[in-house]
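In: here's a sequence, model it:
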Amino acid sequence: MFRSRLSWSTLAGLLAGPCCAFALIAFAARVPGYRHAADPPALLGATGMPGASAFNLLGFVLPGLLAAMAAQGLHRALASRGAAFAARVGATLLQLSALAFAAQGAWPLRLGHALDQGPARWHVAAWTLWWLAAVAGLALCALGARSLRGWRAPAVGAALAAGAMLLAAQGLLPIAGGVAARIALAAWFGWIAWAAWCAGLSRGAA
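Out: Prediction:
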């Protein structure tokens, strides 16, 4: 019988994206001239920006840790269902990507400094690891979970999310950089929320 109470990992997956979105909207409103369509999210957490530390906590660290918790729950759910090795590795890579996302808040950008100097270079490295691990993890989840009962649609969604992230992160879409960054975030957080919900259903039906 399906449990009426959601697990912590399911709740974490559902809350990760809204937490990041709230931080983006709330802190952008405090910066005159900030444009969501053109400016990257990381600019709000750059050293010297108003409320930078709070944004890094609410926009990167907390959503990343919530996503990592959700990915751990996803791994447990897939393992309990006897999912293919590829799917379980994919869930582990998604957890790695979530930790890399959180790490971006620990090493913020610095206004007026090059991206390959000081803490900013670690921010760029964490961002790169985030989308690389995310794309690989989504692709493996799509490959390994497609044969599981109730997971065909999420598997297709994982493939689509991986494609969207790859195109957006590499600037291959004919859109502004700020929009591309938000597409990548929406694809990642959106699929994690979907997978966390499906994982909760899987455990509840067990």
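In: what about the helices in this structure?
Out: 8-28, 52-55, 62-80, 85-103, 119-145, 152-169, 177-205 (DSSP state H).
In: so what does the first one touch, helix or strand wise?
Out: Translated: helix 8-28. Under the contact criterion of 3 or more CB pairs under 8 Å, 6 or more residues apart in numbering; DSSP states H and E, helix 8-28 touches helix 52-55, helix 62-80, helix 177-205. C-beta: built from backbone N, CA, C; applies to glycine.
In: pull out the buried positions in the least confident helix or strand in the chain by mean pLDDT.
Out: The weakest-scoring helix or strand in the chain, judged by mean pLDDT, DSSP states H and E, is helix 177-205 (a mean of 88). Residues 178, 180-189, 191-200, 202-203 are the ones in helix 177-205 that count as buried (16 or more other CB atoms under 10 Å).
In: stretch 69-79 too?
Out: Buried residues in stretch 69-79 (16+ other CB under 10 Å): 69, 70, 71, 72, 73, 74, 75, 76, 77, 78.
In: hang on, the earlier thing: would you turn the helices of the chain into a markdown table with distance to residue 44?
Out: Converted to a markdown table, those look like this (distance: least, CB to CB, whole Å):
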| stretch | distance to residue 44 |
| --- | --- |
| helix 8-28 | 5 |
| helix 52-55 | 5 |
| helix 62-80 | 13 |
| helix 85-103 | 15 |
| helix 119-145 | 13 |
| helix 152-169 | 19 |
| helix 177-205 | 11 |
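In: minimum distance to residue 35: which of those helices has it?
Out: Nearest of the helices of the chain to residue 35, taken as CB to CB: helix 177-205 at 6.5 Å.
In: now that closest one and helix 62-80, what's the angle there?
Out: 40 degrees (axes from the mean of the first three to the mean of the last three CA atoms, to 10 degrees).
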